[in-house]
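# Give the three-dimensional model of this entry:
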Amino acid sequence: MTFLERRYRRLLAQWYPAEHRTLHEEEMIAVLMAGAVPGQARPGVRDTFDLVRGGLAIRVRRGAGPHWREAVNVAALLAPVALLVTALARVVTYGALAWQGPFVEDELRQLVELVSYALPYGLVVWLAWRGRGGAAAACAWAYALVIAWMAAQPDLARSSTYYVMTDGVVLVGGTPAGFGDPAMSVLPPSLCGVMLLLAPSPGPGVLGSRRLLGWMGVTFGGSVVGAVISHPWGYPPMWALGMAAAAMALRSPVGRRALVVLLPMAGVYVGGLPGAGYVVNAATLGGLTAVVLGVTSWLVRAAGKGTGGTPTSPPGG
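Numbers count the residues shown, from 1 in each chain. Okay, the predicted model is just below:
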């Protein structure tokens, strides 16, 4: 065995799975040695690069498997579900706050407006649940455009004492109960649209429709009970149940991958980086979204291609 052949075999051992080497190592070595120039002692840069790239591609395809496809499908549905439940919890919290004093006409109008902010997410969830990812994505993006248009014309949503800006954010007597920059308000439905477009077939998947409906009902019920006790407690039960669901998801390979896909949405929920401005947060979350969804989209495509065969020509040839 020549020094060059030993080098090639060492590269194959470092970068290729054992089962792949068992089937194809001799063939690959024969091709590589046939392409070597007389007197060559070390693998060339191009051959080394192609071998490393080929080995990594095989490992990624085998590591991706069906789990990433299922995770993207589930996450694409969970994102609008989370936004829908949050919007409904906002309605409950505001209703509990308004109920403490004299219930005036302006408060009733604001309550109806808050319900209207939740309805588009309900439509997106329904379409995604039925596997109509394209239609659900179109609805999510249309809602993002509506939010952007409303943010540019805030006077359309004002009243004498109470008014609503952008994505259902309530200001009572001019003091914000919660505030989001227009860019941050447009980001959640836009992100839902991208996830739904990337998902091969969005739906409950391994979660099952009954289990997901059960979690939605328990989460919303917890918000109602908390708001009835005291209006600031409308959100803590929802957050607690969300953390419990995340902890349970860590126990399954699909759940762990779904949590990775949902990282950008989690960033939107917590409001981005503490102390950063809206522009910085929007840019940061946009970059995180591009990286996470770009990588997961590539993994989904790689999982669908399989491992393929072994080329009979030299690497890079």
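# Excluding sequence neighbours, find me the nearest residue to residue 252.
residue 206 (7.5 Å; C-beta to C-beta, 6 or more residues apart in numbering). Bear in mind the C-beta positions are built from the backbone N, C-alpha and C, glycine included.
# again, but for residue 139
residue 124 (5.1 Å).
# distance of the one you found from residue 85?
13 Å (C-beta to C-beta, to the nearest Å).
# and the two? which has more neighbours close in?
residue 124 (29 against 22; other C-beta atoms under 10 Å).
# what's the offset of the helix or strand containing residue 127 from the middle of its chain?
Under DSSP states H and E, the secondary-structure element containing residue 127 is helix 105-129. Taking C-alpha atoms, centre = their mean, to the nearest Å, one finds helix 105-129 lying 22 Å from the centre of the chain it belongs to.
# so what's the residue nearest to residue 252 up against?
70, 74, 252, 254 (C-beta atoms under 8 Å, 6 or more residues apart in numbering).
# got any ranges where this structure has weak pLDDT?
Counting by pLDDT under 70, the ranges of the chain that qualify are 60-65, 101-105, 151-183, 231, 271, 275, 277-279, 302-317.
# what are the ranges of the strands in it?
Remark: strands assigned in the chain by DSSP state E are 162-165, 169-172, 175-176.
# If we go by neighbour counts, what in the longest helix along the chain is buried?
Counting by DSSP state H, the longest helix found in the chain is helix 67-99. Using 16 or more other C-beta atoms under 10 Å as the test for burial, helix 67-99 gives 67-98.
# Spit out the contact partners of residue 77.
Shown in contact with residue 77 (C-beta under 8 Å, 6+ apart): 125, 128, 129, 199, 202, 203, 204, 205, 212.
# Show me which of these are buried.
125, 128, 129, 199, 202, 203, 204, 205, 212.
# Residue 224: neighbour count?
Using other C-beta under 10 Å: residue 224 sits among 17 other residues.
# next one: the one 10 residues further on
Each residue near residue 234 was counted by other C-beta under 10 Å, and the total is 25.
# quick one: it and residue 267, what's the gap?
22 Å.
# repeat for residue 222
From residue 222 over to residue 267 (counting by C-beta to C-beta), the distance is 23 Å.
# what does residue 47 give?
In terms of C-beta to C-beta, residue 47 sits 42 Å off from residue 267.
# What of residue 258?
Per C-beta to C-beta, residue 258 is found 15 Å from residue 267.
# And residue 1, by the same measure?
Taking C-beta to C-beta, one finds residue 1 at 53 Å from residue 267.
# The two: which is more packed in?
Neighbour count, other C-beta under 10 Å: between residue 1 and residue 267, residue 267 has more, with 19 against 7.
# The more buried one against residue 285, yeah?
Yes. The criterion here is C-beta atoms under 8 Å, and residue 267 meets it with residue 285 at 4.9 Å.
# Look up how far residue 240 lies from residue 285.
Taken as C-beta to C-beta, the span from residue 285 to residue 240 is 24 Å.
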